[in-house]
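Student: Below is the sequence, then the predicted model.
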Amino acid sequence: MSSNPILIEFPEEFETERLIIRAPLWGDGIALNEAIRESIEELRPWMPWAKNVPTIDESEENIRMARLKFLQRSDLRFQLICKQTGRFIGGSGLHRIDWESKKFEIGYWIRTSQSGKGLMTEAVHGITNFAVCVLQANRIEIRCDSTNTRSARIAERLGFTLEGILRNERCNTAGQLRDTMIFAKVRGQEF
């Protein structure tokens, strides 16, 4: 694998049992906007970007910036598409990448109507496998607000180890200090 991230080649799409997991593409903004509109109340407490409902143009701009970052290899955002319906069901990805140490952080959200079906657990499992097998990850993290029990349960279900809790680590979306849970898997121990 090249030491220059922009030269690293890997697939832009892969599948799990029920999902197509792929890089953002021009034109995805409408589907993204629809999912955010449906889920804004559930997203607001956890996602800083969900303070306001975006316009369709803002969602398309967001997708295009994500596409550029994907191509630059600076952030690998993935669209989660249901195989059966072709519908956009949420977003995930590999963020805060350190290519030298091969460290990645997985972030995720799911549209409200698709929550509780195990789809996000399936997506995070698929992205973890992609990071390990294709990108040769040495460390994969999941960070979440300590009060976001649904997010923490996904990490626990997939065998991520709770390494610690950073107290008063950052402000939450309401501007109050929050504790951040750090879950991780590392090569040689968990995979």
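Tutor: Looks like it came in fine.

Student: For this protein, just list every one of the strands.
Tutor: 13-15, 19-22, 76-82, 88-98, 103-110, 139-145, 161-171, 177-186 (DSSP state E).

Student: Need the nearest residue in space to the spatially most central residue of the chain, chain neighbours excluded.
Tutor: Closest to where the C-alpha atoms of the chain average out (Cα atoms, centre = their mean) is residue 92, at 2.4 Å. Leaving aside its sequence neighbours, residue 92 sits nearest to residue 108 (Cβ to Cβ, 6 or more residues apart in numbering; 4.1 Å). All C-beta atoms are positioned from the backbone trio N, CA, C, and that covers glycine.

Student: picking that back up, please tabulate the strands of the chain in TSV and include distance to residue 65 as additional columns.
Tutor: Formatted as TSV, those follow (distance: least, Cβ to Cβ, whole Å):
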stretch	distance to residue 65
strand 13-15	19
strand 19-22	17
strand 76-82	9
strand 88-98	13
strand 103-110	16
strand 139-145	22
strand 161-171	23
strand 177-186	25
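
Student: Out of those, which one sits most buried?
Tutor: Scoring the strands of the chain by mean neighbour count under mean count of other Cβ atoms under 10 Å gives strand 76-82 as the most buried, with a mean of 23.

Student: got the contact list for stretch 129-142?
Tutor: 1, 8, 10-11, 14, 21, 94, 96, 101-107, 124, 128, 151, 154-155, 160, 182-187, 191 (Cβ atoms under 8 Å, 6 or more residues apart in numbering).

Student: Also stretch 72-81?
Tutor: With contact meaning Cβ under 8 Å, 6+ apart, stretch 72-81 is reached by 5-6, 8, 19-25, 28, 31-32, 66, 69-70, 87-95, 97, 99, 104, 110, 119-120, 123, 127.
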